[in-house]
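Provided below are the primary sequence and the corresponding predicted coordinates.
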Amino acid sequence: MRTALITGAARGIGAATARALAARGTRVAVVGLEPERLAALTDELGPGHLWHPVDVTDPVSLRTAVDATVASFGRLDVVVANAGIVNYGTVRTTEPADFARTIDVNVNGVFNTVRAALPWIIASRGHVLTIASLASFTPVAGMAAYAASKAGVDAMTCSLRNEVAHLGVTVGSAHFGWINTDMVRDADAELPSFARMRSRLPWPANSTTEVTDCARAVVRGIERRSRRVYVPGSVAVAYWARSLITSHVADLVMRKAMGGFIDRYEEETARLGRPVGNHAHKAERS
């Protein structure tokens with residue numbers, strides 16, 4: 001029976017993916033920072049599934065969770081490095097500690113996850129899936145920390161793919177647009193300018209997808225050992241057009257479309273007087 005470990009699985013894409021994999025007969029270990037949610041999810045999945053408390057920025061806790069998973073399951077076939085956070089703010093207004101925390105969770109956390117699981121993934125000739133983003137190749141103003149972290153995940157994944165291919169391991173990355181999760185809903189509610197900006201972005205960056213659709217695509221990508229998973233599928237267009245998207249011409253188009261977004265955005269974040277996004281919470285959510 002195939003086995004999988006998913007980080008950041010207490011909610012959002014991680015939890016939905018756990019449900020989708022379990023429904024296909026995969027034994028799942030869900031890990032993250034919210035024990036009560038993880039325990040409830042494991043109960044929902046039924047017998048044969050596990051949960052472990054894990055901080056992905058702590059390599060020791062990840063190794064402990066991976067070892068415990070293998071001890072229970074006997075093997076590990078799939079690892080999904082899903083845990084991630086976001087920081088809403090411009091480079092001018094983001095606190096250095098908030099920027100560093102985003103990089104630590106989103107980049108170092110993926111590295112720590114893959115590094116801990118890799119010996120067992122190699123043994124099973126299994127599959128690694130990292131959760132990147134549309135932002136990996138279409139950075140949006142006001143989300144520099146997140147865009148930098150997800151570009152780093154994409155680059156690391158590409159390097160890893162070629163490092164382990166000869167060992168029979170396949171590696172993929174998932175690239176989502178805006179997803180109907182706490183991460184996006186909180187920003188829409190607290191930053192009206194952000195919600196308006198999202199609606200004005202050009203297709204496909206102006207659409208929102210449900211987590212269940214993401215989970216189905218992730219499971220399909222795992223089963224096919226896909227190099228890349230795009231949700232919605234139109235994100236693939238953005239990937240192939242990434243040179244144009246970051247060109248001078250695109251900059252001019254975006255500035256016109258966004259109008260006075262940055263000034264309003266910075267005013268709103270300043271009025272809140274606290275970090276906006278997952279830094280306001282202990283939990284990691286993708």
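Ah, there it is. Numbering: from 1, shown residues only.

so where's the protein uncertain?
202-205, 257, 259, 276-286 (pLDDT under 70).

List the contacts of stretch 98-105.
Applying C-beta atoms under 8 Å, 6 or more residues apart in numbering, the external contacts of stretch 98-105 come out as 56-57, 83-87, 89, 144-146, 148-149, 152, 275, 279, 284. C-betas here are computed from N, CA, C, even on glycine.

meant to ask about stretch 184-192, not that
For stretch 184-192, contacts defined as C-beta under 8 Å, 6+ apart pick out 86, 88, 178, 194-195, 198, 208, 264-265, 268-269, 272, 276-277, 280.

ok, back up a step: in helices, which of the contacts of stretch 98-105 appear?
Of these, the ones assigned to helices by DSSP state H are 144, 145, 146, 148, 149, 152.

Return the distance of the third one relative to residue 106.
When distance is defined by C-beta to C-beta, to the nearest Å, residue 146 is 7 Å away from residue 106.

hmm, back to that, can I have the buried ones of the contacts of stretch 98-105 as a PyMOL selection?
To isolate the buried members of those in PyMOL, using 16 or more other C-beta atoms under 10 Å:
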select buried, resi 56+83+84+85+86+87+89+144+145+146+148+149+152+275+279+284
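
Is it correct that residue 124 is in contact with residue 77?
Yes. Under the criterion of C-beta atoms under 8 Å, residue 124 makes contact with residue 77 at 4.8 Å.

Between the two, point out the one with more neighbours.
Per other C-beta atoms under 10 Å, whichever of residue 124 and residue 77 has more neighbours is residue 77, with 20 against 17.

Which residue, neighbours along the chain excluded, lies closest to that one?
Nearest residue to residue 77 in three dimensions, chain neighbours excluded: residue 126, at 4.2 Å (C-beta to C-beta, 6 or more residues apart in numbering).

for that neighbour, what are its contacts?
76, 77, 78, 79, 120, 169, 170.

among those residues, which are in strands?
Secondary structure from DSSP state E places 78, 79, 170 of the contacts of residue 126 in strands.

which SS state does the nearest residue in space to the first one that is not next to it in sequence fall under?
Once its chain neighbours are removed from consideration, residue 78 has its nearest residue in residue 4; the separation is 3.9 Å (C-beta to C-beta, 6+ apart). Under DSSP: H, G, I helix; E, B strand; the rest coil, the three-state class of residue 4 is strand.

Number of residues surrounding residue 4?
Per other C-beta under 10 Å, the neighbour tally for residue 4 reads 28.

what about it, distance to residue 218?
From residue 4 to residue 218 the distance is 10 Å (C-beta to C-beta).

Next, show the common contact partners of those two.
Common contact partners of residue 4 and residue 218 (C-beta under 8 Å, 6+ apart): residue 80.

Show me the strands in this protein, by range?
Counting by DSSP E, the strands of the chain are 3-6, 27-32, 50-53, 78-81, 87-88, 127-131, 170-176, 178-179, 208-209, 228-231, 276-277.

TSV for the ones in strands among the contacts of residue 126, including neighbour count and distance to residue 15?
Formatted as TSV, those follow (neighbours: other C-beta atoms under 10 Å; distance: C-beta to C-beta, whole Å):
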residue	neighbour count	distance to residue 15
78	24	16
79	26	16
170	19	24
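
ok, what's across the strand from residue 127?
Counting by DSSP bridges, residue 127 forms beta bridges with residue 78, residue 170.

State the number of residues packed around it.
22.

now do residue 151
Counted with other C-beta under 10 Å, residues neighbouring residue 151 total 18.

now swap in residue 97 and tell me
Residue 97 has 10 neighbouring residues, counting by other C-beta under 10 Å.

separation between it and residue 187?
Per C-beta to C-beta, residue 97 is found 20 Å from residue 187.

Equivalent analysis for residue 221, please.
According to C-beta to C-beta, residue 221 and residue 187 sit 26 Å apart.

quick revisit: any chance of the ones in helices among the contacts of stretch 98-105 in JSON lines, with distance to residue 248 too?
Shown next, in JSON lines, are these (distance: C-beta to C-beta, whole Å):
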{"residue": "144", "distance to residue 248": "19"}
{"residue": "145", "distance to residue 248": "24"}
{"residue": "146", "distance to residue 248": "23"}
{"residue": "148", "distance to residue 248": "21"}
{"residue": "149", "distance to residue 248": "25"}
{"residue": "152", "distance to residue 248": "24"}
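
For residue 239, state which of the residues you listed is nearest.
Nearest to residue 239 among those is residue 152, at 16.3 Å by C-beta to C-beta.
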